[in-house]
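next comes the sequence, and after it the predicted model I'd like to discuss.
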Amino acid sequence: MGVTDGDGRLRRAELGGAAATVAAAEVAVVAACLQASLPWWAVVGAALVVAGPAGWTGLRIGRRAGVRARSLEAGETVLGTYTVRPPYTEHTPPAAHEGPRYQLMATSLGLRMWERSVLLWWHPWPELRVLTDGPRLRVHHGGEEIAAMLLEPPTAAREIRLIAERRTTR
């Protein structure tokens, strides 16, 4: 994937993600070092050690945000992005720098299922039937169930069902 998409959107997203991640990491390191009453050179050294990995993580986060932003159609807005919890409790969670593996994005036009930077599926609201089964969200398309998932936060399934009701009754 390139560094820019012609109008610079991906570059801004990447650099914004990197800058935000580095800034947050630097603040945490400086605060911890000052609390431990370390000399200035130790604070600077610790901040430099953290800057590289934090920037790399931020670039990955920004790249993912850029890919998702480019997938939106003209006039489409994101109403919410929800993390899909794995179905098994004994799973190994992703490393902090990887972020959640699966995310469901509700937009003004439909639902999008993402696996990190890969769009798995997208369907417009009028073609979907969205049901809740307790905390589980069930999504039907063409008479068949295409997804049954647990989302974070726990109220997300109900939120998406309400969004679907509003979008399909128009």
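Yep, that arrived.

quick one: the residue of the chain most remote from its centre from Val50, how far?
Using C-alpha atoms, centre = their mean, the residue of the chain lying farthest from its centre is Pro39. It sits 37.9 Å away. Distance of Pro39 to Val50, computed by C-beta to C-beta, to the nearest Å: 17 Å. (Glycine included, C-beta is placed from N, CA and C.)

same check on Trp122?
For Trp122, the distance to Val50 - C-beta to C-beta - is 37 Å.

ok, Val67 next?
Taking C-beta to C-beta, one finds Val67 at 26 Å from Val50.

and for Gln35?
For Gln35, the distance to Val50 - C-beta to C-beta - is 16 Å.

of the two, who's got more company?
Taking Gln35 and Val50 together and counting by other C-beta atoms under 10 Å, Val50 has the greater number of neighbours (16 against 8).

okay, helices next: where are they in this structure?
All helices of the chain, identified by DSSP state H, fall at 9-35, 40-71, 156-168.

flag the helix or strand of this protein with the lowest per-element mean pLDDT.
Ranked by mean pLDDT, DSSP states H and E, the weakest helix or strand in the chain is helix 9-35, scoring a mean of 63.

give the buried residues for stretch 42-61.
43, 46-47, 50-51, 54-55, 57-61 (16 or more other C-beta atoms under 10 Å).

between those, which is nearest Ile163?
Among the buried residues of stretch 42-61, Ile61 lies closest to Ile163 (C-beta to C-beta), at 24.9 Å.

pLDDT at the closest one, what is it?
Note on Ile61: pLDDT of 70.

for this protein, what are the low-confidence residue spans?
Along the chain, the model assigns pLDDT under 70 to residues 1-26, 29-30, 33-34, 56, 87-99, 170.

determine which two of the buried residues of stretch 42-61 are furthest apart.
The widest separation within the buried residues of stretch 42-61 (C-beta to C-beta) is 26.5 Å, between Val43 and Arg60.

one step back: tell me how far the residue farthest from the centre of the chain lies from Ala46.
To Ala46, Pro39 is 11 Å away according to C-beta to C-beta.

cool, Ala156 as well?
In terms of C-beta to C-beta, Ala156 sits 37 Å off from Ala46.

and Leu104, by the same measure?
Counting by C-beta to C-beta - Leu104 and Ala46 are separated by 38 Å.

same check, this time on Thr132
47 Å.

burial of Glu115, as a residue count?
The burial count for Glu115: 12, using other C-beta under 10 Å.

next one: Arg166
The number of residues near Arg166, taken as other C-beta under 10 Å, comes to 11.

repeat for Ala36
Neighbours of Ala36 (other C-beta under 10 Å): 10.

tell me the bridge partners for the residue nearest to Ile146 when sequence neighbours are not counted.
Leaving out its chain neighbours, the residue that sits closest to Ile146 by C-beta to C-beta, 6 or more residues apart in numbering is Val139, at 5.5 Å. Under the criterion DSSP bridges, Val139 forms beta bridges with Val130, Ala147.
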